[in-house]
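Student: the sequence isn't on hand, but the structure is:
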Ligand code: Q46
Ligand code: ZN
């Protein structure tokens with residue numbers, strides 16, 4: 001009723017009262033204070049006859065409704081349901097084994113922290129990796145704090161790269177100078193730095209927090225533009241094809257954004273609720289919006305779309321992403337040309353501004369090259385205009401010579417750029 005009165009689609013939010021989740025049947029007292037937290041996506045069934053929903057597994061009053069599974073769960077059974085989805089993803093897709101060293105990209109957002117939490121609970125050797133992107137002062141500080149607090153609480157190892165201190169630029173600066181779209185450079189930077197960290201610091205697998213909503217939105221964007229080479233790369237596992245490319249996996253691809261949000265709340269994990277200040281430029285949002293409309297009318301649409309692609313269509317695109325790779329002459333990372341897109345982008349930051357009339361053409365041509373490279377090196381944008389996950393796995397370094405140093409005091413480590421680096 002409250003949500004109806006506020007004209008809020010209940011499928012896109014979670015209602016929280018004193019760190020507890022409320023289902024839509026629960027009544028509020030006048031004195032109750034509730035938080036209506038936007039989480040995007042999801043859905044919910046009512047109990048039989050319109051009564052309160054019961055947990056499908058144990059029959060206790062439900063806490064979380066999962067419309068796409070036509071089910072509702074109590075807190076314990078919901079956590080179990082989410083973990084089962086992740087276990088199924090890891091096992092069915094042969095993502096990694098208990099002996100592998102995992103590097104988990106963490107942004108401070110709900111998806112990546114929920115995933116890190118689950119992997120640690122499952123007993124994996126999972127180190128977190130956070131890049132301070134500086135898409136906004138406050139946002140950057142808070143995101144880092146969320147990751148550090150989580151690492152401390154779980155006594156887990158966290159590696160941090162500070163873009164400003166270690167690489168000499170900030171995404172906010174790029175947004176301000178207007179030479180490139182922030183999300184385009186940000187996506188490129190994250191892919192480059194995560195790949196660097198994974199391949200140079202001895203990790204077997206790079207793990208990202210892309211969820212079902214992210215994957216369905218990316219697939220929709222790619223299908224609308226028939227970007228077959230990007231469609232071919234939209235798999236939950238991207239194998240390493242050479243020692244400069246990390247194996248990448250997405251264990252949350254079976255879990256929706258609303259479900260990871262509910263998981264973090266029920267587990268008492270603090271995450272950064274605010275969106276990245278530069279998110280307005282993220283074109284994946286419009287595909288997410290479109291899918292949310294469909295999901296609200298037909299729960300299960302996103303799952304049907306993405307799982308259907310994996311089961312029935314992915315094999316049709318096999319090989320569409322094949323390109324010849326070589327080592328970047330500047331940094332040694334894989335690239336389709338002489339100089340990789342990251343090195344080119346960094347150089348461009350140092351060059352004089354493009355005259356106003358020529359700026360569009362210059363930016364467009366660089367983006368086009370990057371898009372071509374993305375097919376081969378997977379360090380660049382996943383697909384034109386569609387940035388990976390809204391969650392900054394947010395969704396990172398591989399310049400030969402970069403090094404990581406562990407900080408003993410808080411269990412974190414910082415990558416530092418080499419002094420003779422491209423910047
Ligand atoms: S962090 Fe970066 Fe996202 Fe912010 S600037 Fe865009 S890509 S929105 S996933
Ligand atoms: Zn390079």
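Tutor: Perfect, I can see it now. Source: prediction; values computed, not measured. Ligands and ions are numbered 1, 2, ... in the order given.
Student: quick one: average pLDDT of the helix or strand encompassing residue 206?
Tutor: Per DSSP states H and E: residue 206 is located in strand 205-207. For strand 205-207, the mean per-residue pLDDT is 98.
Student: with stretch 78-86 instead?
Tutor: 98.
Student: stretch 89-97 too?
Tutor: 98.
Student: do the same with stretch 252-269
Tutor: pLDDT averaged over stretch 252-269 gives 97.
Student: give me the neighbour count for the one residue in the stretch 201-350 of the chain that gets nearest to ligand 1.
Tutor: Residue nearest to ligand 1 within the stretch 201-350 of the chain (CB to the nearest ligand atom): residue 276, separated by 3.1 Å. Every residue, glycine included, has its C-beta placed from N, CA and C. For residue 276, the neighbour count with other CB atoms under 10 Å is 25.
Student: wait, is it part of a strand?
Tutor: No. Counting by DSSP: H, G, I helix; E, B strand; the rest coil, one finds residue 276 to be coil, located in no strand.
Student: can you tell me how far the nearest residue to it once chain neighbours are set aside sits from residue 326?
Tutor: Computed as CB to CB, 6 or more residues apart in numbering, the closest residue to residue 276 that is not its neighbour in sequence is residue 135, at 5.0 Å. The spacing between residue 135 and residue 326, counted by CB to CB, to the nearest Å, is 32 Å.
Student: the more surrounded of the two?
Tutor: Between residue 135 and residue 326, counted using other CB under 10 Å, residue 135 has the larger neighbour count: 24 against 13.
Student: ok, that one touching residue 172?
Tutor: Yes. The pair residue 135 / residue 172 is scored as a contact, 5.7 Å apart, by CB atoms under 8 Å.
Student: need the residues touching each of the two.
Tutor: By CB atoms under 8 Å, 6 or more residues apart in numbering, residue 135 and residue 172 have these common neighbours: 182, 277, 278.
Student: from these, list the ones also adjacent to ligand 2.
Tutor: Counting by CB under 5 Å from the ion, nothing from these sits close to ligand 2.
Student: which among those end up buried?
Tutor: 182, 277, 278 (16 or more other CB atoms under 10 Å).
Student: so which of those is the closest to residue 65?
Tutor: Among those, residue 277 lies closest to residue 65 (CB to CB), at 31.4 Å.
Student: could you measure from the residue lying closest to that closest one once chain neighbours are set aside over to residue 279?
Tutor: Nearest residue to residue 277, sequence neighbours excluded (CB to CB, 6+ apart): residue 136, at 3.8 Å. From residue 136 over to residue 279 the distance is 10 Å, taken as CB to CB.
Student: verify the stated contact: residue 236 with residue 93.
Tutor: Yes. With contact defined as CB under 8 Å, residue 236 and residue 93 form a contacting pair (4.9 Å).
Student: and for residue 125, the neighbour number?
Tutor: By other CB under 10 Å, 17 other residues sit near residue 125.
Student: distance of it from residue 349?
Tutor: From residue 125 to residue 349 the distance is 36 Å (CB to CB).
Student: ok now do the residue nearest to residue 276, which residues does it touch?
Tutor: Contacts of residue 135 by CB under 8 Å, 6+ apart are 170, 171, 172, 175, 182, 186, 276, 277, 278, 392.
Student: repeat that for 6 Å
Tutor: By CB atoms under 6 Å, 6 or more residues apart in numbering, the residues touching residue 135 are 171, 172, 276, 277, 278.
Student: closest one of those to residue 291?
Tutor: residue 276 (19.8 Å).
Student: so where's the stretch 201-350 of the chain shaky on pLDDT?
Tutor: By pLDDT under 70, the low-scoring segments of the stretch 201-350 of the chain are 350.
Student: next one: the stretch 1-150 of the chain
Tutor: 1-12, 24-27, 38-52.
Student: tell me how far the residue nearest to residue 173 when sequence neighbours are not counted lies from residue 158.
Tutor: Nearest residue to residue 173 in three dimensions, chain neighbours excluded: residue 134, at 7.6 Å (CB to CB, 6+ apart). Using CB to CB, residue 134 is found at 18 Å from residue 158.
Student: mind listing what's buried in stretch 85-101?
Tutor: 85, 86, 89, 90, 93, 95, 96, 100.
Student: you'd agree the third one is up against residue 252?
Tutor: No. Using CB atoms under 6 Å as the test, residue 89 is too far from residue 252 to be in contact (7.4 Å).
Student: tell me which strands and helices the biggest strand by length in the chain is in contact with?
Tutor: In terms of residue count, the longest strand belonging to the chain (DSSP state E) is strand 125-132. Other elements packing on strand 125-132 under the criterion 3 or more CB pairs under 6 Å, 6 or more residues apart in numbering; DSSP states H and E are strand 101-105, helix 110-121, helix 137-154, strand 158-162.
Student: mind putting those in JSON lines, distance to residue 30 included?
Tutor: Shown next, in JSON lines, are those (distance: least, CB to CB, whole Å):
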{"stretch": "strand 101-105", "distance to residue 30": "43"}
{"stretch": "helix 110-121", "distance to residue 30": "30"}
{"stretch": "helix 137-154", "distance to residue 30": "33"}
{"stretch": "strand 158-162", "distance to residue 30": "43"}
